[in-house]
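Novice: everything below, folded, please.
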Amino acid sequence: MQTRRLFLGAAAGAMRHVRAEAVEVRDIHGQKVTVTCGGVTLFEYSYSRARPKTYVHPLCVADGTPVTLDGPEDHVHHRGLMAAWSEVNGIDFWGEVNPARHGSIVHQRFERLKGGAAAEIVAVNHWIAEGRLLLVERRTIRAPAPDSDGVWLDWTTELRAPNEPVTLAAGQHVYNGLGIRFTKPMDGGEVLNSNGTPTIGKANGEPARWCAYAGAGMGLAFFDHPGNPRHPNAFFVMNNAFGYMSAAPTFRQPFNLPVKGSIRFRWGVLTFRGTPDARALDRRFESWRKS
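Specialist: Residues are numbered from 1 along each chain as shown. I've put the predicted structure just below:
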């Protein structure tokens, strides 16, 4: 116990030191934005038009170790941490090489790129398919310096249907929303959600305030903001044959947007070392929901 207390105390002290550092944001034009703190990578935001979508990879724990995987051979369309849907008026914006009508999530511009006490990335994306603009997305990612809990991202996606009615459908692909493919050492991991559910079979599809996945000494939690439509929403989670988790608001029902209509989702993302601490995650949720 003494060794464990010393380890936790040293880790917390190191994180407090990182907390005092400014968060630096660097744009590698046309490719990606890197976000670092104290010389350690927190995450990178990829927006290259050579890729079929915009996404975050790597996303790291506070010491710079990645928890994400980008484009594995088994599912090349799994791009780190990504917001996408596989059924938008019958168009697949999730998959890339599977037999389907595919669209692309194309970066248009940054409205804000800012570092300091927190990184702020505000980007406009166009969801384009077959020569049609189906959705305009305004994506905001805010990331303060790591604290004693870990690396925190506050992610907001606002989708607007500029030209025609749009259906974000569930269908057979219940995982749509904000999804993450975990690095291979984290395969076969464990789950815990805000209901206290510790099993994959029950947690998959269960509405909750948050859901966490952990393996290989690292973990990640998704948080569903109370302002989201149909909160608390379901989470998709699996650990076999690989680790994957999604904040999945269309797990059971689609969303229908009229022309000029919009919908807004806000999710929290926390990476951490160790296993999920329910009390700490509840505290994080309560603090965040008031922000």
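Novice: now do the contacts for the closest residue to V136 other than its chain neighbours.
Specialist: Residue nearest to V136 in three dimensions, not counting chain neighbours: R160, with 4.8 Å by Cβ to Cβ, 6 or more residues apart in numbering. To be clear about C-beta, it is placed using only N, CA and C from the backbone, and glycine gets the same treatment. Applying Cβ atoms under 8 Å, 6 or more residues apart in numbering, we find R160 in contact with 135-138, 257, 260-262.
Novice: OK, contacts around M82?
Specialist: Per Cβ under 8 Å, 6+ apart, neighbours of M82: 53-56, 178-180.
Novice: let me know the closest of those to A84.
Specialist: K53 (5.8 Å; Cβ to Cβ).
Novice: for the stretch 51-200 of the chain, give me the ranges with low pLDDT.
Specialist: Applying pLDDT under 70 to the stretch 51-200 of the chain flags residues 171.
Novice: all helices of it, in order?
Specialist: Secondary structure of the stretch 51-200 of the chain by DSSP state H, counting those that start in this stretch: the helices cover 200-203.
Novice: what's across from the residue nearest to G179 when sequence neighbours are not counted in the sheet?
Specialist: Nearest residue to G179, sequence neighbours excluded (Cβ to Cβ, 6+ apart): S246, at 3.9 Å. In this entry, S246 is beta-bridged to G179, F236, by DSSP bridges.
Novice: ok, T271 next?
Specialist: V151, L220.
Novice: mind listing the strands for the stretch 101-250 of the chain?
Specialist: Here the stretch 101-250 of the chain has its strands, by DSSP state E, counting those that start in this stretch, at 104-114, 118-129, 132-144, 151-160, 166-168, 177-181, 190-193, 210-215, 218-224, 235-238, 244-247.
Novice: who does the first one touch, helix- and strand-wise?
Specialist: This means strand 104-114. Under the contact definition 3 or more Cβ pairs under 8 Å, 6 or more residues apart in numbering; DSSP states H and E, strand 104-114 sits against strand 23-28, strand 118-129.
Novice: what's the answer for the last one, then?
Specialist: Using 3+ Cβ pairs under 8 Å, 6+ apart as the contact criterion, the secondary-structure elements in contact with strand 244-247 are strand 177-181, strand 210-215, strand 218-224, strand 235-238.
Novice: what's the following helix or strand after it?
Specialist: For strand 244-247, the succeeding helix or strand toward the C-terminus, using DSSP states H and E, is strand 255-257.
Novice: pLDDT of that following strand, averaged?
Specialist: The average pLDDT for strand 255-257 rounds to 97.
Novice: adjacent strands (with direction) for it?
Specialist: Assessed with DSSP bridges, strand 255-257 is paired to strand 166-168 (antiparallel).
Novice: give me the residues contacting the strand it pairs with.
Specialist: Contacts of strand 166-168 (Cβ under 8 Å, 6+ apart): 85, 87-89, 134-135, 159, 176, 250, 254-257, 261, 263.
Novice: let's see if you can find the most crowded of those residues.
Specialist: Counting neighbours by other Cβ atoms under 10 Å, W85 comes out on top of the contacts of strand 166-168 with 29 neighbours.
Novice: distance check, the closest residue to that residue other than its chain neighbours against W267.
Specialist: Nearest residue to W85 in three dimensions, chain neighbours excluded: N176, at 4.5 Å (Cβ to Cβ, 6+ apart). In this structure, N176 and W267 are 13 Å apart, going by Cβ to Cβ, to the nearest Å.
Novice: again, but for K260
Specialist: 24 Å.
Novice: these two - which one has more neighbours?
Specialist: Under the neighbour definition other Cβ under 10 Å, K260 and W267 were set side by side, and W267 has more, 21 against 10.
Novice: tally of neighbours for the closest residue to S86 other than its chain neighbours?
Specialist: The shortest distance from S86 to any non-neighbouring residue, by Cβ to Cβ, 6+ apart, is to W94 (3.7 Å). Around W94 there are 27 other residues, counting by other Cβ under 10 Å.
Novice: ok, now the one 4 residues further on?
Specialist: The number of residues packed near N98 is 12, by other Cβ under 10 Å.
Novice: got it, and L153?
Specialist: Other residues close to L153 by other Cβ under 10 Å number 21.
Novice: now name the helix or strand holding the closest residue to it other than its chain neighbours.
Specialist: Spatial nearest neighbour of L153, chain neighbours left out: V269 (4.1 Å); criterion: Cβ to Cβ, 6+ apart. For V269, the element it lies in under DSSP H and E is strand 262-273.
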